[in-house]
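> Quick one, what's the 3D model for this:
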Amino acid sequence: MTVKISGGNKVKIFMDTVKRQKSDVDVGFFKESIYPDGQQVAQIAVWNEFGTISQNGNVAIPPRPFMSQTVKDNKKKWLTMLQKIISNQKENINVNKALNQIGAVMAGDIKKTIANGNNLFVPNSPITIALKGKDTVLRDTNVMLNSVNYVVNKK
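Numbering: from 1, shown residues only. Okay, the predicted model is just below:
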């Protein structure tokens with residue numbers, strides 16, 4: 001939807017329009033993202049974000065909070081970018097276009113965090129390295145990395 005701006009604060013008008021339309025952008029992993037074995041990518045992402053405990057009480061997967069780390073590192077940048085996207089549009093603000101632009105940036109930032117996992121998070125255990133045949137934190141097959149996506153919703 002395009003919103004005509006006739007004075008006032010563009011960002012406030014944009015946000016009011018988004019609320020009125022009940023529009024938003026979801027970024028992350030969606031139900032159609034599945035590993036070749038049928039496992040949902042979102043489930044694996046949750047296990048990596050928060051970690052898991054084995055039945056005997058040992059840490060099976062240590063927490064590697066790539067999603068929350070990405071938000072922490074980028075939320076100010078995203079707000080500034082959204083303000084710039086809105087401000088750069090002339091009299092008409094295309095809500096869907098703005099949300100698509102920021103969604104793409106957010107998804108890209110999550111991918112960067114995953115790709116830099118070796119530098120940011122708990123290293124893989126020697127057993128995991130032996131099983132994977134490599135030492136790549138958060139990246140084994142790259143299915144999770146390649147599954148990060150976004151969708152603009154109008155509810």
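
> Identify the residues contacting stretch 135-143?
Applying C-beta atoms under 8 Å, 6 or more residues apart in numbering, the contact partners of stretch 135-143 are 33, 35-36, 41, 48, 64, 66, 114-115, 117-118, 120-124, 129, 132, 144-145. (Each C-beta comes from the backbone N, C-alpha and C, glycine too.)

> Can you give me the end-to-end span of it?
16 Å (C-alpha to C-alpha, to the nearest Å).

> buried ones in the lengthiest helix in the chain?
Ranked by number of residues, the top helix in the chain under DSSP state H is helix 66-88. Neighbour counts over helix 66-88 (16 or more other C-beta atoms under 10 Å) mark 66-67, 69-71, 74, 78, 81-82, 85-86 as buried.

> okay, these in CSV with pLDDT and distance to Ser23 next?
Formatted as CSV, these follow (pLDDT from 0 to 100; distance: C-beta to C-beta, whole Å):
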residue, pLDDT, distance to Ser23
Phe66, 97, 26
Met67, 97, 22
Gln69, 96, 27
Thr70, 97, 22
Val71, 96, 20
Asn74, 96, 21
Trp78, 91, 16
Met81, 89, 17
Leu82, 86, 13
Ile85, 83, 14
Ile86, 81, 14
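
> Need those residues in TSV (columns: distance to Arg20).
As requested, these are exported to TSV (distance: C-beta to C-beta, whole Å):
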residue	distance to Arg20
Phe66	33
Met67	28
Gln69	33
Thr70	29
Val71	25
Asn74	27
Trp78	22
Met81	22
Leu82	17
Ile85	19
Ile86	16
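
> Following the chain past the host helix or strand of Ile114, name the next helix or strand.
Secondary structure from DSSP states H and E places Ile114 in helix 95-115. Counting by DSSP H and E, the next helix or strand C-terminal to helix 95-115 is helix 117-120.

> which residues touch that following helix?
With C-beta under 8 Å, 6+ apart, helix 117-120 has contacts from 64, 66, 69, 113, 135-139.

> tell me which residues in that helix are buried?
117, 120.

> Please export the C-alpha coordinates of it as CSV.
Provided in CSV are the C-alpha atoms of helix 117-120 (Å, rounded to 0.1, in the frame of the first residue of the first chain):
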residue,chain,number,x,y,z
GLY,A,117,29.6,-18.4,14.4
ASN,A,118,33.2,-19.6,14.9
ASN,A,119,34.2,-16.1,16.1
LEU,A,120,31.2,-15.4,18.2
